[in-house]
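**Student:** Based on what follows, work out the 3D shape:
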Amino acid sequence: MFSQLKIAALCLGLVAAMVQPVSAATTIDFDSVAAGSTANSAAPAGISFVEAEFSTETDEFGDEIPGSEKWRVAADGTDVLARNPDTFDGGFYGPAPSGPNALDARWAPVLVQFADGIDLAGFSVTLDNSGFGNLVPADLLFLDATGLILATLVADQTVPGYVASWSGALYGVSSILLPSGAYYDNISYSAVPIPPAAVLMFSALSALGFSARRKRVS
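**Tutor:** Sure thing, here's the model as predicted:
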């Protein structure tokens, strides 16, 4: 009995040590900076916004490498800006969902980059209050560090104030692609609270305790 209690206590102790506090959602609304500022000036540490392109890698001779096509940081990209969609360029996009600013991705897709990667528990973003943009619903892409697409999320730019929302664990996210054609606001994300390793460790130690008990019974 004492050994079983020790094993149980060890299991619980290890899990408690490995469990991270439940991650509250972080929301970026771009309203803390002046219109026309870089979107990065409104981003928390470890998050950055860069223009993206779908391109191939080249070898030492400048020839394209077959199969290397993926989304990556645009070679000739410019700064991603926070703008007031209700006043900039005629104000045809209406007020920003959060007011006054939103991320301007009308003319180029944007990568939301996580410097250290993230295991997402949830994600959402609100599009501008206009019906402009791609007539065919465009996809947000969740990418890993190699550019592999982990998941897709529909973003209907023809619906004013459309909210694209993801719920559920998604591991190893390095960046999220926001398709061009719209302003984006209220970018919200949260991290998975319990690392998978903690669950595996708990399962392994529980199995060890069960095995030890069976040996004593037999």
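**Student:** Output the below-cut-off pLDDT ranges for this protein.
**Tutor:** For the chain, the stretches flagged by pLDDT under 70 are 1-22, 194-218.
**Student:** Check it for its longest strand and report it.
**Tutor:** Criterion DSSP state E: the longest strand present in the chain is strand 110-127.
**Student:** Nearest residue to the residue nearest in space to the middle of the chain in space, please, no chain neighbours.
**Tutor:** Centroid-nearest residue in the chain: Ile176, 5.0 Å away (criterion: C-alpha atoms, centre = their mean). Excluding its sequence neighbours, the residue lying closest to Ile176 (C-beta to C-beta, 6 or more residues apart in numbering) is Val112, at 4.4 Å. In this view, the C-beta of every residue, glycine as well, is placed from N, C-alpha and C.
**Student:** How about Tyr162?
**Tutor:** Tyr162's closest residue in space is Leu127 (C-beta to C-beta, 6+ apart), at 4.5 Å.
**Student:** what's the neighbour count on the closest residue to Gly99 other than its chain neighbours?
**Tutor:** In space, and not counting its chain neighbours, Gly99 is closest to Asp31: 6.8 Å by C-beta to C-beta, 6+ apart. Neighbour count for Asp31, taken as other C-beta atoms under 10 Å: 17.
**Student:** so Asp31 sits right up against Pro95, yeah?
**Tutor:** No - using C-beta atoms under 8 Å, Asp31 and Pro95 do not qualify as a contacting pair, with a distance of 11.6 Å.
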